[in-house]
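[1] Need a 3D model of the sequence below.
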Amino acid sequence: MTRFPYDQFAKDYLKELLQPLGEVETSRKVPAEIREIDIYFAPTPPSTSDTINLGLLGRIAAEPALIEPFRNAATIAEIRSCMNKLFDIFAEIKRQGKVGKNRINESELPRLWILSPTASESILDGFRANLDTEHWEGGVHFLADYLRTAIVAIHQLPCTEETLWLRILGKGRVQQQAIDELEALPSEHPLRAKAIDLLLSLKTTLEVNQNVDQEDRDLIMRLSPIYEQKLAEAKQQGIQEARQVYEQRLTEAKQQGIQEGIQEGMQEGIQEGTKAERRKVIENLLQVRFGALDAELREMIEPLLALSPEEFTPLLLQLSREELLDRFM
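    You can find the predicted model right below:
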C-alpha cells in the first residue's frame with residue numbers, strides 16, 4: 001500500500017482524539033518551502049471539567065507537538081525531513097517572538113513525535129535516541145534535549161490501556177491486537193465509535209486501492225466483521241425509528257377522536273415511517289462507507305430514496321464515491 005490512504009486515516013484519527021484537548025491543525029504548511037506537518041497540536045489550558053483519558057497519547061498532547069505518523073518504519077531520510085520541519089517551526093516561532101518582543105523559553109517550543117510502527121536498533125543508535133523508563137513507557141526514545149524530538153517505536157510499546165490509542169496506528173499483529181482491545185471496550189466508551197468509524201473508512205479506501213499488500217488484506221479481513229455488524233445495526237435502527245414515527249402518528253390521530261384522522265394518520269405514519277427507515281439506512285450506509293456526510297453526499301440521499309432497499313443497498317456497498325455522484329447528482 002502507498003502511504004497516502006494510511007496517512008489520511010492517521011491524520012483524521014489523531015485529529016478526532018486530540019480535538020477535546022486543544023487546537024489541532026492537519027497538513028500545516030512550513031513557510032521555508034512547500035512542506036507540510038501531518039499534525040500540529042496546541043493544547044488548551046486545563047479546565048475543571050473531566051477530560052478524555054488518552055493515556056500515552058494524552059501525555060504527548062500535554063505540550064505543543066508536531067506529530068508525524070508513519071505506516072512503514074521511518075527511514076533515516078524521513079526522520080531528518082521531520083526534524084527539518086521542526087527547526088523551520090522553531091525559526092517561525094523565533095521570528096514571531098522578535099516581532100512581539102517576547103522571549104521564547106526552550107520549554108515552550110513544540111516537541112516532534114515520530115510515530116513509527118517499528119524502529120531498528122541501528123536507526124535508534126544512529127540518532128542517539130534513549131529511553132526514559134523512569135518517566136515514560138518502553139518504546140518512547142528521546143533524542144538530545146535541545147533537539148526536542150522523540151521516536152515512538154509502536155511495536156515496543158507495552159500492551160496496556162495506556163498505549164492503546166497509539167497501537168491502533170501500528171502494523172500487523174500489533175495493530176490487530178489493538179483493534180481487538182478497541183472492539184472489547186464498552187459500547188458507551190466516548191472514543192470507541194469514532195475510532196471504529198475511521199478504521200472502517202480506511203477499510204473502504206483500501207478495498208478500492210489497486211496496490212494493497214498482504215498486511216492491508218489482513219487488515220481488511222479483520223475489519224470486515226465489524227463492518228457487517230455496523231451495517232446490521234444501521235438497518236435495525238432505521239426500522240425502530242420508522243416504527244416510532246408510525247406509533248406517534250397513530251397516537252396523535254386517536255387523540256383527535258376522528259375516524260378519518262385515524263385512517264389518514266395510519267397511512268401517513270406508514271409512508272413517513274417507510275421513508276424515515278430508508279433515509280436512516282441510506283445515511284448510515286454512506287457514513288460507514290465515506291465517514292461524515294458532507295454536502296455532496298447529503299444531496300444524493302433524495303434521489304436514492306426513490307429506489308427500493310433492494311436497489312439502493314448494493315449500489316451503496318459497491319460503487320465508489322465518484323460513481324455515486326455521477327449517477328445521482
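[2] Just the pLDDT at Arg128, thanks.
    Note on Arg128: pLDDT of 96.
[3] would it count as being in a strand?
    No. Counting by DSSP: H, G, I helix; E, B strand; the rest coil, Arg128 is not found in a strand; it is coil.
[4] Now do the same contact list for it.
    By C-beta atoms under 8 Å, 6 or more residues apart in numbering, Arg128 lies in contact with Leu143, Ala144. All C-beta spots, glycine's among them, are computed from the backbone N, C-alpha and C.
[5] hang on, Pro303 is in a strand, isn't it?
    No. According to three-state DSSP, Pro303 belongs to no strand; its state is helix.
[6] Can you report how many residues neighbour it?
    12 (other C-beta atoms under 10 Å).
[7] what residues are up against it?
    Residues counted as contacts of Pro303 (C-beta under 8 Å, 6+ apart) are Phe328.
[8] now it: how far from Arg321?
    Counting by C-beta to C-beta, to the nearest Å, the separation of Pro303 from Arg321 is 15 Å.
[9] Same question for Asn209.
    Remark: distance between Asn209 and Arg321 (C-beta to C-beta) = 14 Å.
[10] beta partners of Phe142?
    Listed beta-bridge partners, Phe142: Asn130, Ala150 (assigned using DSSP bridges).
[11] and it, what is it in contact with?
    Phe142 is in contact with Ala129, Asn130, Leu131, Asp132, Trp136, Thr149, Ala150, counting by C-beta under 8 Å, 6+ apart.
[12] Looking at it now. What's its pLDDT?
    At Phe142, pLDDT is 97.
[13] Please report the distance of it from Leu18.
    For Phe142, the distance to Leu18 - C-beta to C-beta - is 21 Å.
[14] correct me, but Leu166 touches Leu56?
    Yes. Judged on C-beta atoms under 8 Å, Leu166 makes contact with Leu56 at a distance of 5.7 Å.
[15] more crowded one of the two?
    For Leu166 and Leu56, the more surrounded residue by other C-beta under 10 Å is Leu166, and the numbers stand at 26 against 22.
[16] Now do the SS call for the more buried one.
    Assignment for Leu166 (three-state DSSP): helix.
[17] which residues touch the host helix or strand of Lys85?
    Per DSSP states H and E, Lys85 falls inside helix 76-100. Applying C-beta under 8 Å, 6+ apart, the contact partners of helix 76-100 are 30-32, 35, 37, 40, 66, 68, 70, 74, 103-104, 109-110, 112, 114, 123, 126-127, 147-149, 151.
[18] so for that helix, what's the average pLDDT?
    Per-residue scores along helix 76-100 average to 87.
[19] hey, what's in contact with both of Leu166 and Leu56?
    Counting by C-beta under 8 Å, 6+ apart, the residues touching both Leu166 and Leu56 are Leu157.
[20] Pull out the buried residues from stretch 284-296.
    Across stretch 284-296, burial judged by 16 or more other C-beta atoms under 10 Å covers Asn284, Leu285, Leu286, Gln287, Val288, Arg289, Phe290, Gly291, Leu293.
[21] give the contact list for Pro186.
    Neighbour list for Pro186: Arg192 [criterion: C-beta under 8 Å, 6+ apart].
[22] what secondary structure does it sit in?
    Secondary structure for Pro186, judged by three-state DSSP, is coil.
[23] Look up how far Leu124 lies from it.
    For Pro186 relative to Leu124 (C-beta to C-beta), the value is 37 Å.
[24] swap in Lys29?
    Using C-beta to C-beta, Lys29 is found at 30 Å from Leu124.
[25] The closest residue in space to Cys159 that isn't next to it in sequence: how many residues sit nearby?
    Nearest residue to Cys159, sequence neighbours excluded (C-beta to C-beta, 6 or more residues apart in numbering): Gln177, at 6.4 Å. Gln177 has 14 neighbours, counted by other C-beta under 10 Å.
[26] Check Ile282 too.
    Per other C-beta under 10 Å, the neighbour tally for Ile282 reads 24.
[27] check which helix or strand covers the residue nearest to Cys159.
    Assigned by DSSP H and E, Gln177 falls within helix 173-184.
[28] Please apply the same query to Val152.
    strand 149-153.
[29] How about residues contacting that strand?
    Contacts of strand 149-153 (C-beta under 8 Å, 6+ apart): 74, 79, 82-83, 86, 111-116, 118-119, 123-124, 127, 129, 139-143, 166.
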